[in-house]
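Colleague: Pasting a predicted model and its sequence here:
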Amino acid sequence: MTSKESCRNELRHAVRQLSERGLYSASKWAAELLVGIEPETPSSRPRTSGVTPLSSTMRHRFRAIAAAESPATSTPPAGVSYVCTPIPADDVDHDDYDSYLLAKSCFDCREYRRASHALRGQTGKKAVFLRCYALYMAGEKRKEEETIELEGPLGKSNSVNAELVTIERELSSLHRNGSIDSFGLYLYGIVLRDKGCGSQALSVLVESVNSYPWNWSAWTELLSLCTTLDTLEGLNLKNHWMKDFFLASAFLELKMYEESLETYKRLLTIFRLSDYIQAQVATVHYNLRELDEAEVIFEELLRTDPYRMESMDTYSNILYAKESFSTLSFLAHRVFLTDKYRPESCCIIANYYSLKGQHEKSVVYFRRALKLNRKYLSAWTLMGHEYVEMKNTPAAIDAYRRAIEINPRDYRAWYGLGQMYEMMGMMFYALYYYSKSAALQPNDARLWNAMAHCYESAPLGRIEEAIRCYKRSADCNDAEGIALHELARLYGELGQADQAAVYYKKDLDRMDAEERQGPNYVEALFFLAKYCKSVGRYEEAEHYATRLLDSTGPVCPCLIISCSILNQIARSSYILMELQISCFHCFNKIS
Amino acid sequence: MSLFSLGGGPGSRESGGGGGGVVFDLTPHKIALCQLIHVFAPPAHHLLPFPFQSVSHHNRLGLLLFSLTRSCEDYLEPPLDELLNQLEAINGSTHNWFRDHLITDLSSLTSADDLFNFFDKIQSVLVAPDSVNMDGDQIFLDPSSHLGIFLRCCILAFNSLSFEGICHLLTKIGIYCNAISAYELVEEFNPDRVLLETCMQMQEMQREWTDEEAPMFARYTNDFGPETPTGGSSSSSFHMHSSAFNYHGGNNLRDEHNLDILRSRWQIEGYLNEQADLLEKNSSSVPLNSLNGVLSHIQKLAPNLHRVKYLQYLNALSHDDFASAADSLHRYFDYSAGKDGLFNRMSPQVPQSGIILGRYEAALLCLGTLHSRFGHSKTALDALTEAVCFSQRNNDDACLTYTLAAICNLFFETGTSRHSIGIIGSPHSLGTSTGMGTPCSTQQLLLVLLKRSLKRADSLKLTSLSAHNRLTLAKFDLKHVKRPLVSFGPKASTNLKTCPIDVCRELRLSGRVLTDFGSDNISLLNDSGTFSTSWLKNLAAVNNKNMWSIHRNDYDVFNWYLQPSPIPASVLQLAGSSYLLRSTSWEHYGSAPLVRVNALVYATCFADVASSSELSLAYVKLIQHLAVFKGHSEAFSALKLAEEKPSSTSKFQIRLLRLQLLHDRALHRGHLKLAQKLCDEFGDLASSGNGVDMDLKTEANLRQARTLLASNLFGQAEAVASNLFCSCYKYNMQVENATVLLLLAEIQKKSGNAMLGLPYALASLSFCKAFNLDLLEACATLTIAEIWLALGPGHAKRASYLVHKSLPMILGHGGLELCARANIALAKCYLSDPTFSIFTDPSCVLDPLCQAAEELQILEYHEMAAEAFYLIAMVYNHLGMVDEREQAAVSFKNHLLSLEIANEAADEELSSY
């Protein structure tokens, strides 16, 4: 059982314990969550931003969703019973506490080696953790420096954290003795991961989160190790409410958007005001290509937390897709003033330049983002897009390839590579990439369309394969409506008029439903009219021909075609006369 | 732009990634070399510097330093102890001085200031002496010499180092020097070391011996060395294994002290090229995973060296792993855009303008060859067609030429029959894309493409490709009759025959690659460290200080005679293939001595560079020649020798040859059951899981028909043979048609319907004439003669005329069996001629018969031998020579008996087999 009050209590303790150990991002996350719990009385909410949190429509909307799903707010959904984890008490030894204070201050000033030195010889759990963690941080810092220093003509040298061996030796002996706390386990987990022992790291991290679930950093490390659903399902996790946060973000990573959304909605019953959840929900919407919903949430988020950086790159992607120049420029300005050396801010600025068509500048900022974080996946892909615009094919291909190197399951990068080669006219070569991409994202009609186009194009001319791809695309709910039309056209070219008519009819229905008209519309009507006439279904033919007349397509050919069809059917003499007159006018106009 | 590439090939033309301007990384090993160069050429010194004992000693060190800066035997810089070992081999007694000098100097480099002073000292080596004081004997290192450039590069690299870089360098020097003490601990327990020391002790005793015995002993120690300097492929592959093993299974001590410092860029490239050569030569000698381990290690250390990915592709390709081959191939081209490594060597023009254009046509070409290698002919053709379009669009003539050649190869592999059109897609699409306009048959298309590719290769001076195209053209001319290309209009009268002169000319012209390879850009890369690499390898073999006293000069010590040929291996391979193809073409045209000579030339001159399958092909030809001309026992002993050759021969071909020989012998001896079993096995090999080899399948069916014929199952034999004829006709295998038709004639003749055999034999004859198959033609003529003989004594004159006509060819080039047949036929002609009287000249009948009997006995061909002896006995009977008659009759009886018990023997052999 968990209630708002107990959550709040747990989180308050966690924030303090985490920050005492220098785990700042986890502590920040917990604190953010703490204020995300809706207070019993609205006035007591400690908010500094001055914007009334309850003013937005979006919040109301979410509250409504949450309220609708669980009428009793304090009761978690049926079937979920959370395990209560006791909050560990801190060992306070006053003699050692002084040197701990010195070490902590040094740690806060980023003098990691000094911090570690100040705690030498101490055996308290907190002291041991801080010593090891400071050592780890010192090693990381040195590693980053070395990476820059040792960059040779053949690429980056693989510098490693030199302290890993020492830390591992100490922590593994502690682990064997059983005298290690959950923070130590977390550190042991990341050390193991850095050393490349993935499975061992996984089990240690699970141990850590089971004994102390409030350390979000441990969950994130766990998340980075769960690359498949099987690994995720294989984890033996205690049923704490923090696990739901973990599962939700894991679902998001694994592209199980519906499940993710479901979990977040459940969590919203307790953490109704959490910005983190909002941002995650918005990201899910973005991935589901529901841009409007996502945009509304992000706007609201920015209103309550104007200096927020996390997930803002996703917001900028949305703004880019919606071509909101001024909003994007405003966002870029704001993040620039907040912290310009964050990969997210560089990415946002790059997006803005890209939207303005200044691709060179955009590339400069993407490069900066990548300098700050070499593993920034979306920056590689987006930079690839910029190079495409700049017609710098090899650079674009290189950028996409690096994105794939970081995450081989990134279908966008595979698709980008396919597009590049298609642009160069290497249809056959592009097929390899499209097929990789389609294998990763089999429900995306665009990928199948692209593949079909390659098969169909001139040097290859494999119509049958193209038809099969278009059929897959049509099954995947092709939003652009390319597949049906192409299918109809290809069948028409192959002389299979029956099949062609079926697909023209489907295409026509789709266009009717979307109330769209265009050259495809005319073509479909024309074909259907002719086809119906040829198989003797005159009434239908007449129906299509009349619709053709009403269409707003290129007038003259339409008229002539319908005229000839109706003429041959020769049933409605009145229409015919009218037609002939308008035809006559048309010809006059043309000549 | 790498300055170092002044001495290197164009491979180092590009500087990697973003780190332009950096010459190479300064490493402890390079600093040690600088120190040694300082010893080698101390500034302003006269005559010999201090520690050197002689001028040759001085030169040896120079040679060692030269080799160390260029060798490509590994990708990591060697540890200090390896350098010390090498110095020991060079210096002999003064080694301790060198060792101490080097170690003290290196370990005294502990602060940044020491390094600055060190490089000041090094700088002084390069300062040219005043012309006033210039003296003839003064030692002076030319700044533009190889070592001079090396020194200058080091100084430049040091000057451009940041302070952080200097700190890192100092750390590395520390580890480099410390490693030596750790190694010494290990070496104490090293069994090889102990062995070597024992060997040295033995040699101490040996020194007191006489001078005559010394060279012999030297040979012994040479072979005893860690690397047997035989110069063949086996020794280099051994080296490859051991280095790969060191990396994987190396002891922990080595790992801990492993600095993992890469050599300079083009040394790594040279190393990769060597690995690629090894893969091409004999992929089974390079285990898939060990090379992959090495490659991923290099990749980790140098992520921007894209050629590693190409090597991964080659490795996967040669181990038949399609998925990972395709993956590596795409990755390589995505990163390098075809600009890195191999493909910038094809065309010299590199646009220096701002945006680099990729050379993705090379990617398509590689993809095409990948697919065709795995037998995806249709997909391969798609890729290659696209490559043609793309290179045309990008004006990449070189790539276009290569692509055309690749398409030709594809056509050759899938066959040029009417049916292959269905398999590899419509030639019309290719026809239009290559600008041919009118559609034509695949065969004609192949010829046109070949000629076009050849013309382009000649005009672009791509010598190797041109040689390859000529070889393909020769293959084409060998098996195809040229038809006019125009399908309408007045036709010039064409002679529907193959043209051996063309084949000969193409083969001769393809050999020109041996002299012209310099003009081809690819060959430039041969100026890599091959020489230095092998020099260092030999040095490792003579790592023994007493060598100097035994050998008279450096030439012997360093096995100069085992230095690699200055001609690139790929060129040698091409030239070798030309000899192998000569051998094959003479097989067709029917000149046994020339077949043998060419195969021998190949096996002796090109064995070092030959791929395992080609080398085994040469062996197969030689052994087959032995079997036909010297009988089975000789062939089998030769086969045993070939089988004992370690790993350099392809197992499959040798196994095939064994089956062929066994089958022939079984047929001759009359072991029909065994023959049938061997036949079945042959059929299995022909259509294995990897696909059907048409040539093999044809041969399997031929052998099947022969076996049936020998078992007197004429109907079945005829069915098999006519089926075979149909499929040969279907797949346009016209040369095989001739053989099959002859076999059909043979079957009819034996089954007693000689008259029915005649049309077959005549058809075979006309095929032979069209394809200039002289020996087969003689054989067909002989068969016709035999058929006439079988039709009655009235035709003996005609038969005799035919036999005489074929005799020169058969006696000159035919094997034992054919000669025997001709001799018997000749005798029969005389005997059945009513006007011939045996008493006038018995020798003209007896001589050929005795000759035939002798030959058939060698072959153990009991059936025909019995026939010969029967005839001999009859003749002697007529002549009234009783003793001789009895002797012949006994032989006749023996042969018949052995034929009768053959089947029982066959049972035994079957169980033993």
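Modeller: Everything's here; your move. Numbers count the residues shown, from 1 in each chain, chains lettered A, B, ... in the order given.
Colleague: Quick check: closest non-adjacent residue to residue B:111.
Modeller: residue B:170 (7.3 Å; Cβ to Cβ, 6 or more residues apart in numbering or on different chains). C-beta: built from backbone N, CA, C; applies to glycine.
Colleague: Is residue B:74 within a helix or a strand, and which one?
Modeller: According to DSSP states H and E, residue B:74 maps onto no helix or strand at all.
Colleague: Can you check what pLDDT the model gives it?
Modeller: Looking at residue B:74, its pLDDT reads 79.
Colleague: Equivalent analysis for residue B:729, please.
Modeller: pLDDT at residue B:729 comes out at 83.
Colleague: separation between residue B:681 and chain A?
Modeller: 40 Å (Cβ to the nearest Cβ, to the nearest Å).
Colleague: Helix, strand or coil: sort out that residue for me.
Modeller: helix (DSSP: H, G, I helix; E, B strand; the rest coil).
Colleague: check which helix or strand covers the nearest residue to it once chain neighbours are set aside.
Modeller: Excluding the flanking residues, the one nearest residue B:681 by Cβ to Cβ, 6+ apart is residue B:659, at 6.1 Å. Residue B:659 belongs to helix B:651-669 when assigned by DSSP H and E.
Colleague: returning to what we had before: show me the contacts for the residue nearest to residue B:681.
Modeller: B:678, B:681, B:682, B:685 (Cβ atoms under 8 Å, 6 or more residues apart in numbering or on different chains).
Colleague: Tell me the helices and strands packed up against the helix or strand where the last one lies.
Modeller: It stands for residue B:685. Here residue B:685, judged by DSSP H and E, is contained in helix B:672-686. Using 3 or more Cβ pairs under 8 Å, 6 or more residues apart in numbering or on different chains; DSSP states H and E, the elements in contact with helix B:672-686 are helix B:651-669, helix B:694-710, helix B:902-912.
Colleague: does residue A:414 count as helix, strand or coil?
Modeller: Once three-state DSSP is applied, residue A:414 turns out helix.
Colleague: And the pLDDT for residue B:725?
Modeller: 91.
Colleague: Quickly note the distance from it to chain A.
Modeller: For residue B:725, the distance to chain A - Cβ to the nearest Cβ - is 36 Å.
Colleague: and that residue, what does it touch?
Modeller: Contacts of residue B:725 (Cβ under 8 Å, 6+ apart): B:737, B:740, B:741, B:744.
Colleague: any idea how far it is from residue B:442?
Modeller: 22 Å (Cβ to Cβ, to the nearest Å).
Colleague: And the longest helix seen in chain A, what's buried?
Modeller: Determined from DSSP state H, the single longest helix within chain A is helix A:125-149. Judged by neighbour count using 16 or more other Cβ atoms under 10 Å in any protein chain shown, the buried positions of helix A:125-149 are A:125-140, A:142-143, A:146, A:149.
Colleague: got it, and stretch B:799-812?
Modeller: B:799, B:800, B:802, B:803, B:806, B:807, B:809, B:810.
Colleague: again with stretch A:202-219
Modeller: Quick answer for stretch A:202-219 (16+ other Cβ under 10 Å): A:202, A:204-219.
Colleague: Repeat that for stretch B:653-672.
Modeller: So stretch B:653-672, judged by 16+ other Cβ under 10 Å, has buried residues B:653-654, B:656-672.
Colleague: rewinding a little: the buried residues of helix A:125-149: which ones sit near chain B?
Modeller: A:146, A:149 (Cβ under 8 Å from any Cβ of the partner chain).
Colleague: which intervals of chain A have sub-threshold pLDDT?
Modeller: A:1-2, A:40-95, A:152-158, A:551-591 (pLDDT under 70).
Colleague: Go again with 80.
Modeller: Judged by pLDDT under 80, chain A has its weakly predicted residues at A:1-3, A:38-96, A:148-159, A:458-460, A:477-481, A:515-519, A:546, A:548-591.
Colleague: residue nearest the centroid of it?
Modeller: By Cα atoms, centre = their mean, chain A has its centre lying nearest to residue A:287, at 4.9 Å.
Colleague: And that one, how close does it get to chain B?
Modeller: Taking Cβ to the nearest Cβ, one finds residue A:287 at 26 Å from chain B.
Colleague: ok, now which ones touch that residue?
Modeller: Contacts of residue A:287 by Cβ under 8 Å, 6+ apart are A:252, A:255, A:257.
Colleague: Looking at those, which is nearest chain B?
Modeller: Taking Cβ to the nearest Cβ as the measure, chain B lies nearest residue A:255 of those, at 22.7 Å.
Colleague: who's in contact with that closest one?
Modeller: With Cβ under 8 Å, 6+ apart, residue A:255 has these contacts: residue A:287.
Colleague: just checking, it is part of a strand?
Modeller: No: Residue A:255 is assigned coil when assessed by three-state DSSP, not a strand.
Colleague: Next, it: phi, psi?
Modeller: phi 60, psi 30 (degrees, to the nearest 10).
Colleague: thinking again about what came up before, from the chain's centroid, how far away is the helix holding residue B:659?
Modeller: Centroid separation for helix B:651-669 versus its chain: 24 Å, with Cα atoms, centre = their mean, to the nearest Å.
Colleague: Lovely, talk soon.
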